[in-house]
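J.: with the input below, show me the fold.
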Amino acid sequence: MPNPLSQVSWERVRQRTSAKWREFPEDVLPLWIAEMDVDPAEPIRKAIADALALGDTGYPAGTAYPEALAGFAKQRWDWDLPVERTALVSDVMLGVVELIKLVSGPGAPVIVSPPVYPPFYLFVRSMGRAVVEAPLRNGRLDPEVLERTFRHVKADRPVYLLCNPQNPTGAVHTVEELTTLARLAARYGVRVIADEIHAPLVSASTRFVPYLSVDPVGLSLMSASKGWNLAAVRAAVAISNTDELATLPEEVSHGPSHFGAIAHAAAFREGGAWLDALLQGLDENRRLLQDLLAEHLPEIGYQPSESTFLAWLDCRAVSDDPAAFFLERGRVALMSGAGFGSGGEGHARFNIGTSPEIITEAVRRMAASR
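T.: Have a look, this model is predicted:
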């Protein structure tokens, strides 16, 4: 299977009309939003084409999607996903909102560990909830900080929103770290909801641990969206270790796209070879970026991650606002670290889910901008 990241030319991706390619002028290299420069895996193309040919354009039904995810989880993570305790939701973040409402008390705060995915702040605050930070330490979950934060939050059933693997740092939380988190959450009455959308994108050299495998009352949201670049066909799976999802409001099930469920099921069921080729390509891109930065921008700190197609760059030696700096001077669009919460200042997120040629050109432009 060829590397999916090397199969799409610059000329071709430039014709795309998604946010990645339309947010900035044509002279800007867009490496900001979490969207890869790949073509869909053949099983996904076929599944959608077959549905269109059949006129199968109605509402989603059945458990084909969670069953496909369960098969993938068993094969890749040796985890028995409880299909009977799942629910389809429109996407991971809207699912997060519904799960927060389901398991927390009215107005209870939500605890997060920054630097972390900016919508954790946006969606939680739009619910009228406070966000409480329990920052990472050296890129890892900090048990002392978690315990202190859990102990001091006085509310009816607060929530801890876990990012596993962590966006933007790419850290894959270990079984020891997650077990400690689950123990602390149980001690202090905190419910844990895990955003595990990047789970398929863990390097073969690293073990991904599903959060529900260590927490008997945990909740999780998973999707093929990031692993197979399917943001355009939305659907996600909410998973519980209890029967709580049966009490989700009926309207929650109206959000997922039928095409989304079909595409995501095909990805988990038949897209493994494509994913393996992608993972190898991402490993190569991490090494490439590391080598390029060491040669041309040694003042930028970068540690290749264990997962995701995102690189977290420490640019404090270059600029307080590196995303703005490299956009203005180098015509490279990165995601500003400021939106990722405490610890994001002076950092930028660089999307390596693209061709080696584009990564090389981006670093060349960044180096020339100093």
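
J.: so which residues of the chain form strands?
T.: For the chain, the strands defined by DSSP state E occupy 29-30, 86-89, 110-112, 131-133, 159-163, 191-195, 219-222, 236-240, 310-314, 332-333, 335-336, 347-351.

J.: closest one to residue 275 among those?
T.: Closest to residue 275 of the strands of the chain, according to CB to CB: strand 219-222, at 14.1 Å. Yep, even glycine has a C-beta here, placed from its N, CA and C like the rest.

J.: quick one: the biggest helix by length in the chain to strand 310-314, angle?
T.: For the chain, the longest helix by residue count, based on DSSP state H, is helix 272-296. Angle, helix 272-296 to strand 310-314, by axes from the mean of the first three to the mean of the last three CA atoms, to 10 degrees: 20 degrees.

J.: identify the residues contacting helix 272-296?
T.: Helix 272-296 is contacted by residues 1-6, 38, 41-43, 72, 75, 200-201, 203-204, 227-228, 267, 300, 302, 304-305, 309, 311, 313, 350, 352-354, 356, 359-360, 363-364, 366-367 when judged by CB atoms under 8 Å, 6 or more residues apart in numbering.

J.: again, but for stretch 1-20
T.: Here stretch 1-20 has contacts from 21, 26, 30, 32-33, 35-39, 41, 231-232, 273-274, 276-278, 280-282, 284-285, 353-358, using CB under 8 Å, 6+ apart.

J.: cool, stretch 356-370 as well?
T.: Residues contacting stretch 356-370 (CB under 8 Å, 6+ apart): 5-6, 10, 29, 31, 37, 284-285, 288-289, 292-293, 296-297, 318, 325-326, 329-332, 350, 352.

J.: now swap in stretch 171-189 and tell me
T.: Stretch 171-189 is touched from outside by 136, 139-141, 143, 146-147, 150-151, 153, 157-158, 160, 162, 164-166, 190-192, 202, 206-209, 211, 213-215, 217-218, 305-307, with contacts defined as CB under 8 Å, 6+ apart.

J.: filter the residues you listed down to the buried ones.
T.: 136, 141, 146-147, 150, 153, 158, 160, 162, 164-166, 190-192, 202, 208-209, 211, 213-215, 218, 305-307 (16 or more other CB atoms under 10 Å).

J.: among the residues you listed, which lie within helices?
T.: If you go by DSSP H, these have 146, 147, 150 in helices.

J.: hang on, the first one packs against residue 133?
T.: To tie it back to what came earlier, the one meant is residue 146. No - using CB atoms under 8 Å, residue 146 is not in contact with residue 133; the gap is 11.1 Å.

J.: what sits in contact with each of those two?
T.: Shared contacts of residue 146 and residue 133, counting by CB under 8 Å, 6+ apart, come down to residue 113.

J.: before we move on, the earlier item: buried subset of the contacts of stretch 356-370 as a ChimeraX selection?
T.: Buried residues within these, by 16+ other CB under 10 Å, are selected in ChimeraX with:
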select :5,6,29,31,37,285,288,289,292,293,297,318,325,326,330,331,332,350,352
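
J.: please pull out the lowest mean pLDDT helix or strand from this protein.
T.: Within the chain, confidence by mean pLDDT, DSSP states H and E is lowest for helix 10-13 among all helices and strands, at a mean of 91.

J.: what's the burial count for residue 93?
T.: Residues lying near residue 93 (other CB atoms under 10 Å) number 18.

J.: how close does it sit to residue 52?
T.: Note on residue 93: its distance to residue 52, by CB to CB, to the nearest Å, is 28 Å.

J.: for residue 164, what are its contacts?
T.: Shown in contact with residue 164 (CB under 8 Å, 6+ apart): 172, 173, 178, 194, 195, 196, 199, 209, 211.

J.: thought residue 268 was touching residue 74?
T.: No - when contacts are counted by CB under 8 Å, residue 268 is not listed as touching residue 74 (10.9 Å).

J.: more neighbours: those two, which one.
T.: Each of residue 268 and residue 74 has its neighbours counted (other CB under 10 Å); residue 268 has more, 29 against 12.

J.: find me the pLDDT at that one, would you?
T.: Here the pLDDT value assigned to residue 268 is 98.

J.: and for residue 359?
T.: For residue 359, the predicted pLDDT is 98.

J.: tally of neighbours for it?
T.: Neighbour number of residue 359 under other CB under 10 Å is 23.

J.: what of residue 49?
T.: Other residues lying near residue 49 total 10 when counted by other CB under 10 Å.

J.: and the residue sitting furthest away from the middle of the chain, how far from residue 48?
T.: Distance to the chain centre peaks in the chain at residue 54, reaching 32.5 Å (criterion: CA atoms, centre = their mean). Applying CB to CB, the value for residue 54 to residue 48 is 11 Å.

J.: quick check: residue 248 touching residue 98?
T.: Yes - counting by CB under 8 Å, residue 98 is a contact partner of residue 248 at 6.2 Å.

J.: chain center to stretch 163-172: distance?
T.: Computed by CA atoms, centre = their mean, to the nearest Å, the chain-centroid distance of stretch 163-172 equals 8 Å.

J.: one more: stretch 192-210?
T.: 9 Å.

J.: again with stretch 134-151
T.: With CA atoms, centre = their mean as the basis, stretch 134-151 stands 21 Å off its chain's centre.

J.: neighbours of residue 119, how many?
T.: Counted with other CB under 10 Å, residues neighbouring residue 119 total 15.
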